[in-house]
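[1] Requesting a structural model of the entry that follows:
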Amino acid sequence: VQLVDLGGGLVQAGGSLRLSCVASGLTFYDYAMGWYRQTPGKEREFVACIGANADETLYADSVKGRATISRDNAKNTVYLQIHSLKPEDTAIYYCAAGGPPSLHHWSWSTVADFAYWGQGTQVTVSS
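    Model prediction:
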């Protein structure tokens, strides 16, 4: 199984960014998918997740109203779009799969609770 995180970069505050995660080696449409982020010295934190059928989405309070998670099962890809970016959104963003059955558990799950992680993509928001 491989998850490849794409789309990070340097963005000015107030701008937008769309991250992609392309999955291979798993039956993508069977898996809920999520995005997490991490800054140096801190735990990896939940950003958003989406059900296997895109029937449910959940967001961290820090991005609620600014982020949209979506998926294209035909392309084995999950997306995270964030607008109105803030300097505190600066982090390495990781996609995840193979987590707890209930999406409501993802917000407090740890790295060990997931079977698969992407390699991460750096997002830097300048003020």
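[2] can you map out the strands along the chain?
    Here the chain has its strands, by DSSP state E, at 2-6, 9-12, 17-24, 33-38, 45-50, 57-59, 67-72, 77-82, 91-97, 116-117, 121-126.
[3] can you tell me which of these comes nearest to Ser109?
    strand 45-50 (7.3 Å; CB to CB). All C-beta atoms are positioned from the backbone trio N, CA, C, and that covers glycine.
[4] would you put the C-alpha positions of that closest one in CSV?
    Backbone C-alpha positions of strand 45-50 (Å, rounded to 0.1, in the frame of the first residue of the first chain) are rendered in CSV as follows:
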residue,chain,number,x,y,z
GLU,A,45,-3.2,16.5,14.8
PHE,A,46,-6.4,15.7,13.1
VAL,A,47,-7.6,18.0,10.3
ALA,A,48,-10.4,16.3,8.4
CYS,A,49,-11.7,12.9,7.4
ILE,A,50,-14.2,11.5,4.9
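[5] Please name the bridge partners of the most centrally placed residue in the chain.
    When the chain is reduced to its mean C-alpha position, the nearest residue by CA atoms, centre = their mean turns out to be Trp35, at 1.7 Å. Counting by DSSP bridges, Trp35 is bridged to Ala48, Cys95.
[6] got the contact list for it?
    19, 21, 47-49, 69, 78, 80, 93-96 (CB atoms under 8 Å, 6 or more residues apart in numbering).
[7] show me where pLDDT drops low in this protein?
    Low-confidence segments of the chain (pLDDT under 70): none present.
[8] quick revisit: can I get the strands of the chain in a markdown table with distance to Ser109?
    Formatted as a markdown table, the strands of the chain follow (distance: least, CB to CB, whole Å):
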| stretch | distance to Ser109 |
| --- | --- |
| strand 2-6 | 16 |
| strand 9-12 | 27 |
| strand 17-24 | 17 |
| strand 33-38 | 9 |
| strand 45-50 | 7 |
| strand 57-59 | 12 |
| strand 67-72 | 16 |
| strand 77-82 | 17 |
| strand 91-97 | 9 |
| strand 116-117 | 12 |
| strand 121-126 | 20 |
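[9] Thank you, goodbye.
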